[in-house]
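Q: Could you look at this predicted model? Sequence included:
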Amino acid sequence: MECSNARMNETLEGSEERCRKLLDSVPAGVILLNSAGKMIHANKAAGDILGVTPEQLSRMKYRGEDWQTVDENGRLLTDADFAWKATLQTGKPVRNVVRGIYFNDPLRMRWLLVNTEPILDSSGAVREVLVSFIDITARKKTEELILHLVKGVSARIGEQFLRSLAEHLAKTLHADCALVGELLPGEKPRLRCPAVYSSGQLPEAIEYDMAGTPCETVVGQQMCVYPANVQRLFPEDAMLAGIGAEAYVGMPLYDAAGQPLGLIAVLWRNPLAEVEFATSMLQIFAARAAAELERKRSEEALLEARRKAEVASQAKSDFLATMSHEIRTPLNAILGITELILDSPLSPDQRGDVETVQNAGGVLLQLINDLLDFSKVESGRLVVERIDFPLREEVRKAAEFLMLEASRKGLAFECILEDELPEMVQGDPARLHQVLLNLLSNAVKFTERGSVIMTGKLESAADGVARVRFEVTDTGIGIPLEARGRLFEPFSQADASHTRRFGGTGLGLVICRRLVHAMDGEIGFRSEEGKGTTFWFVLPLAVAAHAQGPSPAAAPFGQTIGGRILLAEDNPINRKVAVRLLEKLGCEVDVVTNGRAALEALQRGPYDVVLMDCQMPDMDGFQATRELRARERRGSRTVVIALTANALAGEKQKCLQAGMDDYIAKPVSLDGLAHALRRWLPAA
């Protein structure tokens, strides 16, 4: 019996010795732990990887003063986090977890890829745990290097970034080709590859038919790996044949919403040995490639949306320009002829009828101007000037414009300006005039009886800037409480019935608010339904350094201005109106119907002023003026005043750039024409 036991012990000792020798021959580190976590055996490779002898290893503790263990993200592990503990508790192996181990100095970290295997007793309980690991420190450093390289190319954008990414990927994996491709829309699976690195070269972007290729299998999957014989599997792939590829690894690219963007792939002419390393590197590069493709696609979508918006905006501007021209042309005749008729002897009934026509034309002109102003505001093309002007005079002009209408309705109308108001200020007199006219027009329109009072007073003054407060108060219908919140919205009035009863576009107050804000001011109102409304606005106006004299008044009806005028106008009605107005001002007028004829007339003799319509057949006013200026380089300059039915933003600048000296928008009034001629005729 004793002999039998001795032979059994010898056999066991021999088996253990053979196991130790076998474990020592394994290149991976191997440690055998008992159920208490105590090390029973460690092979030579375990000590070599960790930098200690097996004897030293057997005396070390897993945590504390001897070594520290961290996970892949650098988090210090607790006892419960160890892989062998999980196997001991569950009886299941743990596969391919990454752990970092360092002795005292974190800078000397060793990175391990760890696996565990349970060894069970006859009852099925875990008796021992076999821990194996390989040193992946070099691979980990390579990954960190790749991350650094990826960050290095991040300063680039678009296809330049992707091409740099493909080059770095191929060089890192010692591959013969690397590509980044984006999916093209369509029924057939096609790939556009903006980034291809092949055999040390970066060719231009290519398109690639994915049918029957490994790239087709990649899209929609997580990753496709063909470590060898890829050409045999895909014999119809011309790219594989051209490169002579033997191995292929590809990974799909997705956007943040999980929609496929494209793929990233690497090819080798030899079989791939380090599959795991290649796939891990590809995952790193794929994340950056997907982010850049998504950014690139978003940028392209934004550019396309901007292009469409610009096209739509231009189409709207073209439409408004056409409508402005087509409406203003006949309106020019209506208002021009009625103005001439009103200046002739008429019976009271006749004068009343003609004034009705003139008022209707004025309302139509105001509607057109509102729409055009709204278009300028919405498109951001509204320009605010900053010039010196007499404040009191400009305010009184606006008041006088509405005084007659208020009188016709039997309304009391007052304009009260405090003495403290500065005489000369800097700002935009035209925009101030427009805001006042809108508010006064509304007050008169919505007031059936009572009064309309406009006031202007100095609210404060400091550092050369006067804050002037204007108020327009009426005793009209007032504004219902429920309508006040939308009063400054486009196409809105206090009540839909008001639109039918009083007319208007509902744009006046919108334009007022935008204009006041553009001039750095504030606007608001207070109202009581059935009793009236007060609209107010405050503007900061710089006090002009030097007072200037008043601007010259327009020539009154019947006053002779004189001068030899060339009128270039193709529309017969507009010609008739312009000729009559000019003759009334005492001018001598010659008429031509296009720009070419105007140039010929100017060659025959000089003129004091040319009134040039902008849109004419054969040669328009812009072409004619440019040609005229080219001829005048060494001679005297002829004054050219543009006549245009296009009142959109930029039209005046376009006229000046063509060489014109001034600009009159149709419909042309006698007053406006006289103003323009007096500016340029030396005898006027």
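A: Happy to help now that I have it. Numbering: from 1, shown residues only.

Q: where does the stretch 551-684 of the chain have low pLDDT?
A: Low-confidence segments of the stretch 551-684 of the chain (pLDDT under 70): 551-559, 634-635, 646-650, 682-684.

Q: Do you have the helices of the stretch 501-650 of the chain handy? List them.
A: Along the stretch 501-650 of the chain, counting by DSSP state H, counting those that start in this stretch, helices occupy 508-518, 572-584, 595-604, 621-631.

Q: Then the stretch 201-350 of the chain?
A: Under the criterion DSSP H, counting those that start in this stretch, the stretch 201-350 of the chain contains helices at 214-218, 230-233, 238-243, 275-342, 348-379.

Q: Tell me which of those sits most buried.
A: For the helices of the stretch 201-350 of the chain, the largest average neighbour count (mean count of other Cβ atoms under 10 Å) is found in helix 214-218, namely a mean of 22. C-beta: built from backbone N, CA, C; applies to glycine.

Q: what packs against that helix?
A: Counting contacts by 3 or more Cβ pairs under 8 Å, 6 or more residues apart in numbering; DSSP states H and E, helix 214-218 packs against strand 224-226, strand 247-254, strand 260-268.

Q: for the helices of the stretch 201-350 of the chain, which one sits closest to Glu117?
A: When the helices of the stretch 201-350 of the chain are compared by Cβ to Cβ, helix 275-342 sits nearest Glu117, at 19.3 Å.

Q: Distance from the closest one to the middle of the chain?
A: Computed by Cα atoms, centre = their mean, to the nearest Å, the chain-centroid distance of helix 275-342 equals 10 Å.

Q: what about that helix, average pLDDT?
A: Mean per-residue pLDDT for helix 275-342: 80.

Q: Save the helices of the stretch 201-350 of the chain as CSV, and put in distance to Glu418 too.
A: Converted to CSV, those look like this (distance: least, Cβ to Cβ, whole Å):
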stretch, distance to Glu418
helix 214-218, 80
helix 230-233, 91
helix 238-243, 85
helix 275-342, 36
helix 348-379, 29
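
Q: So what are the sheet partners of the helix or strand hosting Leu458 and their directions?
A: Using DSSP states H and E, Leu458 falls within strand 451-462. Pairing partners of strand 451-462, with direction, according to DSSP bridges: strand 412-417 (parallel), strand 465-474 (antiparallel).

Q: I'd like the distance between the residue nearest to Glu627 when sequence neighbours are not counted and Asp570.
A: In space, and not counting its chain neighbours, Glu627 is closest to Leu599: 6.0 Å by Cβ to Cβ, 6 or more residues apart in numbering. Distance, Leu599 to Asp570, using Cβ to Cβ, to the nearest Å: 15 Å.

Q: same question, Ala597
A: 10 Å.

Q: Phi and psi next, for Leu432.
A: As for Leu432, its main-chain torsions (degrees, to the nearest 10) stand at phi -60, psi -50.

Q: Could you give the number of residues near the nearest residue to it once chain neighbours are set aside?
A: Closest residue to Leu432 apart from its sequence neighbours, by Cβ to Cβ, 6+ apart: Glu394 at 6.1 Å. Residues lying near Glu394 (other Cβ atoms under 10 Å) number 17.

Q: Also compute the angle for the host helix or strand of Glu394 relative to strand 465-474, please.
A: If you go by DSSP H and E, Glu394 is part of helix 391-408. Angle of helix 391-408 versus strand 465-474, following axes from the mean of the first three to the mean of the last three Cα atoms, to 10 degrees, is 0 degrees.

Q: Can you spell out which helices and strands pack onto helix 391-408?
A: Short answer (3+ Cβ pairs under 8 Å, 6+ apart): helix 391-408 packs on strand 412-417, helix 429-445, strand 451-462.

Q: For Asp121, which of these is the nearest?
A: Among those, strand 451-462 comes nearest to Asp121, with 94.8 Å by Cβ to Cβ.

Q: which residues sit against that closest one?
A: With Cβ atoms under 8 Å, 6 or more residues apart in numbering as the test, strand 451-462 has contacts from 391-392, 395, 399, 402, 406, 411-418, 420-422, 436, 440, 443-444, 466-475, 538, 543.

Q: just the CA coordinates of it, formatted as PDB?
A: What follows is strand 451-462, C-alpha atoms only, in PDB (Å, rounded to 0.1, in the frame of the first residue of the first chain):
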ATOM      1  CA  SER A 451     -58.300 115.500 -33.600                       C
ATOM      2  CA  VAL A 452     -54.900 114.300 -34.600                       C
ATOM      3  CA  ILE A 453     -52.000 115.900 -32.700                       C
ATOM      4  CA  MET A 454     -48.300 115.300 -33.300                       C
ATOM      5  CA  THR A 455     -45.700 116.500 -30.800                       C
ATOM      6  CA  GLY A 456     -41.900 116.500 -30.700                       C
ATOM      7  CA  LYS A 457     -39.900 117.100 -27.600                       C
ATOM      8  CA  LEU A 458     -36.400 116.700 -26.200                       C
ATOM      9  CA  GLU A 459     -36.300 113.800 -23.800                       C
ATOM     10  CA  SER A 460     -32.600 114.100 -22.900                       C
ATOM     11  CA  ALA A 461     -29.300 115.300 -24.200                       C
ATOM     12  CA  ALA A 462     -25.800 114.100 -23.400                       C
END
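
Q: Any figure for the gap between Val543 and Val435?
A: From Val543 over to Val435 the distance is 20 Å, taken as Cβ to Cβ.

Q: More neighbours: these two, which one.
A: Neighbours per residue (other Cβ under 10 Å) separate Val543 from Val435, with Val435 holding more: 27 against 17.

Q: For Thr447, list the residues it contacts.
A: Counting by Cβ under 8 Å, 6+ apart, Thr447 has contacts 409, 411, 474-477, 532.

Q: circling back: would you pull up how far the helix holding Glu394 lies from the middle of the chain?
A: 43 Å.

Q: can you give me the angle it makes with helix 429-445?
A: Using the same axes, to 10 degrees: helix 391-408 against helix 429-445 is 20 degrees.

Q: how close does Ile466 sit to Val543?
A: You called it Ile, but residue 466 is Ala. As judged by Cβ to Cβ, Ala466 and Val543 stand 6 Å apart.

Q: Fine by me, thanks again.
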